[in-house]
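Asker: A predicted structure for the sequence below; I have some questions about it.
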Amino acid sequence: MRFLILLISIFTFEAVNSEALVLPMRERAEVIDQIIDERIATVLPGIMRRTGIDMWVIISREYNEDPVLKTFLPSTWQTARRRTILLIYDPGEDQPLETLAVARYAVGNTFIKAWDKELHGDQWKRLAELVEERDPNKIGINYSDTFALADGVTHTEYDLFIKSLKEKYRNKVVSAENLAVGWLETRSETEIMIYQQICRIAHEILASGLTDEVIQPGITTTNDVAWWYRDRIRELKLTAWFHPSVSLQRASSPNMDAKASILARHDDNIIIPGDLLHVDFGITYLRLNTDTQQHAYVLKTGEDNIPEDLRIAMNNGNRLQDILTDEISVGRTGNEVLASALAKAKDEGITPSIYTHPIGFHGHGAGSTIGMWDQQGGVSGGGDYPIYPNTAYSIELYAETYVPSWSKPVRIKLEEDAMFDGEDIYYIDGRQKEIFLIPREVPLQ
């Protein structure tokens, strides 16, 4: 408990040095384990009752883990062990959940070992006994056509599970899609608190790469900067959930459509004065992920600020963010939010593209999808899922603005992590409102 108290106290103060805020591995482990216990006690009961599933069975074999099962594993477990089966039962009437490990070993502090091979015999037989003893109304299993993260049970495990049950209980097996998604997308009180500092660390790393300490115009390439980020993340004993991309737009380059722009994001271009740089970057820390896109402008000789028309383009990007976040509310689907936000942006003369996704245990998380770059008319399945409280989203989009000094349109591509508490949505560690300058400070003439 002392490490959680230490963590909370640290996170109430403004960050000064990223390294000072990254906990040693042992202390991270204690925080992770405490959060798992907190989530099971405070997050999971409500979601089980919301979905009407009173028994959740999660089955995985070592090295072929259900993505959901991995979120229940204690900090010192990298994988499942042999066949690991978790059984979560809600007895109702506001009683605490029963959490059992039908496995060779107990799983963490919460899942009590409920199978002893020497005592009980076959593992599947024991699981069937536990199910029958509790006589559930609905048995949730993780299979889903829509959400890959909720589709973790393998064909073999599903067949063996169904075969182990009596006919009465086979008829009670249902998809746990909404339960799995709800578990993955909903953040606990402690997670909401610590997410701010995780995003702060990510912002500091991103900003430190967009300086003349890293970039020397005429020599440094975009891939040099991308690999600098990878090295810096490792120096801080963190990990990245995707390879960073650093790309650029410049006045002399030909226009590219959205598809070509995405394909070119890992091109290796020499950075020169007048370039508008774009970084897409994310870290993983304490099992939570960040996803951020920001911009920097490389000053030309004699310039001491960004050209005014690029500043206007940035303002349009921020305005599109505002339009989108104003549309987010409980119960609306991602497709409803997308359609409304796009219509309002176009009414204001903004050329928009919105492709916002949930974030949390996974960078591209399960939950309500608000557009994809190539599906601006709505996303079947994920876009039909409603928005719930205490969920986090990467507000990802671009606004295209014609820039007279470049004689062509420029895309301001932004992404910032935000939390929705059920009433308000707010950026977890703020957002970029001004384009970074390289160099940051121009010497007095």
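Answerer: Right, received. Where do you want to start?
Asker: Let me know the distance separating the residue nearest to the spatial centre of the chain from Glu133.
Answerer: The centroid of the chain falls nearest to Ile359 when counting by CA atoms, centre = their mean (2.1 Å). Relative to Glu133, Ile359 is positioned 39 Å away (CB to CB, to the nearest Å). For every residue, glycine as well, the C-beta is placed using N, CA and C.
Asker: Report the buried residues of stretch 400-419.
Answerer: Residues 400-401, 403, 406, 410-419 are the ones in stretch 400-419 that count as buried (16 or more other CB atoms under 10 Å).
Asker: would you list those residues in TSV and tack on secondary structure, distance to Val330 and pLDDT?
Answerer: Formatted as TSV, the buried residues of stretch 400-419 follow (DSSP: H, G, I helix; E, B strand; the rest coil; distance: CB to CB, whole Å; pLDDT from 0 to 100):
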residue	secondary structure	distance to Val330	pLDDT
Glu400	strand	31	97
Thr401	strand	32	97
Val403	strand	38	97
Trp406	coil	42	96
Val410	strand	35	97
Arg411	strand	31	97
Ile412	strand	29	98
Lys413	strand	28	98
Leu414	strand	25	98
Glu415	strand	23	98
Glu416	strand	21	98
Asp417	strand	19	98
Ala418	strand	15	98
Met419	strand	14	98
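Asker: Is it possible to get JSON lines of these that adds distance to Ile438?
Answerer: Putting the buried residues of stretch 400-419 into JSON lines (distance: CB to CB, whole Å) gives the following:
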{"residue": "Glu400", "distance to Ile438": "23"}
{"residue": "Thr401", "distance to Ile438": "21"}
{"residue": "Val403", "distance to Ile438": "19"}
{"residue": "Trp406", "distance to Ile438": "18"}
{"residue": "Val410", "distance to Ile438": "17"}
{"residue": "Arg411", "distance to Ile438": "19"}
{"residue": "Ile412", "distance to Ile438": "17"}
{"residue": "Lys413", "distance to Ile438": "18"}
{"residue": "Leu414", "distance to Ile438": "18"}
{"residue": "Glu415", "distance to Ile438": "20"}
{"residue": "Glu416", "distance to Ile438": "21"}
{"residue": "Asp417", "distance to Ile438": "24"}
{"residue": "Ala418", "distance to Ile438": "27"}
{"residue": "Met419", "distance to Ile438": "31"}
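Asker: Nearest to Ile194 among those?
Answerer: Met419 (11.7 Å; CB to CB).
Asker: I figured the residue nearest to the centre of the chain hits Ile395, correct?
Answerer: No: counting by CB atoms under 8 Å, Ile359 sits too far from Ile395 to count as a contact (9.8 Å).
Asker: which residues do these two both contact?
Answerer: Jointly contacting Ile359 and Ile395 under the rule CB atoms under 8 Å, 6 or more residues apart in numbering are Asp417.
Asker: Quick one: list the elements packing against the lengthiest helix in the chain.
Answerer: If you go by DSSP state H, the chain has its longest helix at helix 189-209. Packing partners of helix 189-209 (3 or more CB pairs under 8 Å, 6 or more residues apart in numbering; DSSP states H and E): helix 2-11, helix 18-21, helix 25-42, helix 222-235, strand 276-281, strand 288-289, strand 292-298, strand 408-420.
Asker: can you tell me which of these the model trusts least?
Answerer: Of all the helices and strands packed on helix 189-209, helix 2-11 carries the lowest average pLDDT, namely a mean of 46.
Asker: Flag the helix or strand of the protein with the lowest per-element mean pLDDT.
Answerer: Scoring the helices and strands of the chain by mean pLDDT, DSSP states H and E places helix 2-11 at the bottom, with a mean of 46.
Asker: so what's Ala176 closest to, chain neighbours aside?
Answerer: Using CB to CB, 6 or more residues apart in numbering and skipping residues adjacent in sequence, the residue nearest Ala176 is Gly140, 3.0 Å away.
Asker: pretty sure the one you found is in contact with Leu44, am I right?
Answerer: No: counting by CB under 8 Å, Gly140 stays clear of Leu44, with 11.8 Å between them.
Asker: okay, the two: which has more neighbours?
Answerer: A count of neighbours by other CB atoms under 10 Å puts Gly140 above the other of Gly140 and Leu44, at 26 against 21.
Asker: Phi and psi next, for the more buried one.
Answerer: Here is the backbone geometry of Gly140 (degrees, to the nearest 10): phi -90, psi 130.
Asker: Using the three-state scheme, assign Tyr399.
Answerer: Check again: residue 399 is Ala, not Tyr. The local conformation at Ala399, judged by DSSP: H, G, I helix; E, B strand; the rest coil, is strand.
Asker: Test for you: state the pLDDT assigned to Ile205.
Answerer: 96.
Asker: Quick check, it in contact with Trp228.
Answerer: No: contact criterion CB under 8 Å: Ile205 and Trp228 do not qualify, at 9.9 Å.
Asker: and the longest helix of the chain, which residues are buried?
Answerer: Neighbour-count burial for helix 189-209 [16+ other CB under 10 Å]: 190-191, 194-207, 209.
Asker: That helix to helix 222-235, inter-axis angle?
Answerer: With axes from the mean of the first three to the mean of the last three CA atoms, to 10 degrees defining the directions, helix 189-209 sits at 140 degrees from helix 222-235.
Asker: All further residue positions should be reported with the first residue as 659.
Answerer: Done: numbering now begins at 659, and the last item shifts to helix 847-867.
Asker: Just give me the closest of the buried residues of stretch 1058-1077 to Phe769.
Answerer: Using CB to CB, Met1077 is the member of the buried residues of stretch 1058-1077 that sits closest to Phe769, with 28.5 Å.
Asker: Am I right that that closest one is in contact with Ile852?
Answerer: No: between Met1077 and Ile852 there is no contact under CB under 8 Å: 11.7 Å.
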